[in-house]
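Trainee: take this sequence and fold it.
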Amino acid sequence: MQYLYASKPGIERKLVATFDSEEQLRAYAGWATLKKNADGSARFEQGSALAGYQRWELSSTPLTNDDPTAVLHNPSPSML
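Mentor: Next up, the predicted model:
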């Protein structure tokens, strides 16, 4: 399982979705990214798991105590 985390000022890291593969996660993050800024932050598609955050990261292991069953699994643009 792959874990998608998002962050913004005041929120260091939060689990926002899980995926079966890294390829699925990267494709979703690529679709959700509307604009990348020079400082590494980004703006994301409204309605996506990343909406309202400024950065994302992936991991193949949990990085927080967030419950993976409480977030979207394999979200896709068609889910919006």
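Trainee: please make it C-alpha for all contacts and neighbour counts, starting now.
Mentor: Fine.
Trainee: wait, is Tyr28 part of a helix?
Mentor: Yes: when the secondary structure is assigned by DSSP: H, G, I helix; E, B strand; the rest coil, Tyr28 falls within a helix.
Trainee: check contacts around it.
Mentor: 75-77 (Cα atoms under 8 Å, 6 or more residues apart in numbering).
Trainee: how about a markdown table for the residues you listed, with neighbour count, distance to Gln24 and secondary structure added?
Mentor: Written out in a markdown table, the entries for the contacts of Tyr28 read as follows (neighbours: other Cα atoms under 10 Å; distance: Cα to Cα, whole Å; DSSP: H, G, I helix; E, B strand; the rest coil):
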| residue | neighbour count | distance to Gln24 | secondary structure |
| --- | --- | --- | --- |
| Pro75 | 17 | 9 | coil |
| Ser76 | 17 | 9 | coil |
| Pro77 | 11 | 12 | helix |
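Trainee: tell me which of those has the lowest pLDDT.
Mentor: By pLDDT, Pro77 ranks lowest within those, coming in at 82.
Trainee: ok, now which ones touch that residue?
Mentor: Taking Cα under 8 Å, 6+ apart as the definition, contacts of Pro77 comprise 28, 31, 48.
Trainee: quick one: contacts for Leu58?
Mentor: 2-5, 25.
Trainee: switch those over to a markdown table; also include neighbour count, pLDDT and distance to Trp56.
Mentor: Listed next are the contacts of Leu58 as a markdown table, based on neighbours: other Cα atoms under 10 Å; pLDDT from 0 to 100; distance: Cα to Cα, whole Å:
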| residue | neighbour count | pLDDT | distance to Trp56 |
| --- | --- | --- | --- |
| Gln2 | 20 | 98 | 13 |
| Tyr3 | 22 | 98 | 10 |
| Leu4 | 29 | 98 | 7 |
| Tyr5 | 23 | 98 | 5 |
| Leu25 | 23 | 97 | 11 |
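Trainee: mind listing which of the residues you listed are in helices?
Mentor: Of the positions in the contacts of Leu58, Leu25 sit in helices, assigned by DSSP state H.
Trainee: and of the contacts of Leu58, the nearest to Gln54?
Mentor: Checking these against Gln54 by Cα to Cα gives Tyr5 as the nearest, at 10.8 Å.
Trainee: nothing else from me, thank you.
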